[in-house]
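**Student:** Just need the structure, nothing else, for what follows:
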Amino acid sequence: MGLNRKTEKILFIRAREGDEDSYEILFNHYYPRLCTYATVFVKYPDVAEEIVQETFIRIWEKRTMISIRTTFKAYLYRSVHNNCINYLKGKKYLSEKDEAFRKEVLKQTELQTRNLDTGIIDKIVSEEFETEFRKALRSLPAQCLEVFMMCRDEKLSYSETAEKMGISVNTVKTQMKRALLRLKDALEKNFQR
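**Tutor:** From the prediction side, this is the model:
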């Protein structure tokens, strides 16, 4: 299911040269994981998706100037991580609950950044997250997991997923919401310990 380092590197080299198909493969592979990861920081799945999409757009636009010292995967996680923090720093929240959440995430991130060097942070946001993401996925109920995989990995719409599974669109929406919340909760517990 994962891309090995060699394949990832080849795809990124091709993408740097302007090959949109190679970049699309990278996007499709990492997008669902990055959205879940971003949701841990920004709380709302729609905001997380927007941040991840913008990150991919910026990387594509600046692809010829990017210098990657580790792996493309680590670079992606680091970029999304930084963009989430920038979003939180610039966001003006209306509710006290959201403001408290924002302050706590920024405090935790500042402490982690102060105590760890960049290499360790990159490892945390890539390898550890990947492991925790897979664990969280395995913890989902069967139907919930199936809906998530169809919508996120296979890129099927809610109606296509409903038709394929023989369930209603509302059930798909409910299961998808449940999956995102459970993944977010599981990942928050692991990354705020």
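
**Student:** Does Thr161 lie in a helix or a strand, and which?
**Tutor:** Using DSSP states H and E, Thr161 falls within helix 158-165.

**Student:** Can you spell out the domain ranges of this structure, please?
**Tutor:** 5-138, 140-193 (automatic domain parsing).

**Student:** With mean pLDDT and mean neighbour count added, can I get those domains in TSV?
**Tutor:** Every C-beta, even on glycine, is put in place using the N, C-alpha and C of the backbone. TSV is the format used below for the domains of the chain (pLDDT from 0 to 100; neighbours: other C-beta atoms under 10 Å):
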stretch	mean pLDDT	mean neighbour count
domain 5-138	78	16
domain 140-193	81	16
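
**Student:** Counting by contacts, list what the helix holding Thr161 packs against.
**Tutor:** Taking 3 or more C-beta pairs under 8 Å, 6 or more residues apart in numbering; DSSP states H and E as contact, the helices and strands that helix 158-165 lies on are helix 142-148, helix 169-191.

**Student:** which residue is nearest the centroid of this structure?
**Tutor:** Leu34 (1.2 Å; C-alpha atoms, centre = their mean).

**Student:** That residue in helix, strand or coil?
**Tutor:** helix (DSSP: H, G, I helix; E, B strand; the rest coil).

**Student:** for the residue nearest to it when sequence neighbours are not counted, phi and psi?
**Tutor:** Leaving aside its sequence neighbours, Leu34 sits nearest to Val52 (C-beta to C-beta, 6 or more residues apart in numbering; 4.6 Å). Phi and psi for Val52, reported as degrees, to the nearest 10, are phi -70, psi -40.

**Student:** residues in contact with Val52?
**Tutor:** Taking C-beta atoms under 8 Å, 6 or more residues apart in numbering as the contact definition, Val52 lies against 31, 34-35, 38, 80.

**Student:** How much space separates the residue of the chain most remote from its centre from Glu146?
**Tutor:** For the chain, the C-alpha farthest from the mean C-alpha position belongs to Gly166; by C-alpha atoms, centre = their mean, that distance is 28.5 Å. Gly166 sits 11 Å away from Glu146, going by C-beta to C-beta, to the nearest Å.

**Student:** who's in contact with the closest residue to Gln175 other than its chain neighbours?
**Tutor:** Spatially, and ignoring its direct neighbours in sequence, Gln175 is nearest to Val147 (4.0 Å; C-beta to C-beta, 6+ apart). With contacts defined as C-beta under 8 Å, 6+ apart, the neighbours of Val147 are 161, 165, 172, 175-176, 179.

**Student:** how about a markdown table for those residues, with distance to Glu61 added?
**Tutor:** Below are those laid out as a markdown table (distance: C-beta to C-beta, whole Å):
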| residue | distance to Glu61 |
| --- | --- |
| Thr161 | 32 |
| Met165 | 37 |
| Val172 | 34 |
| Gln175 | 35 |
| Met176 | 30 |
| Ala179 | 31 |
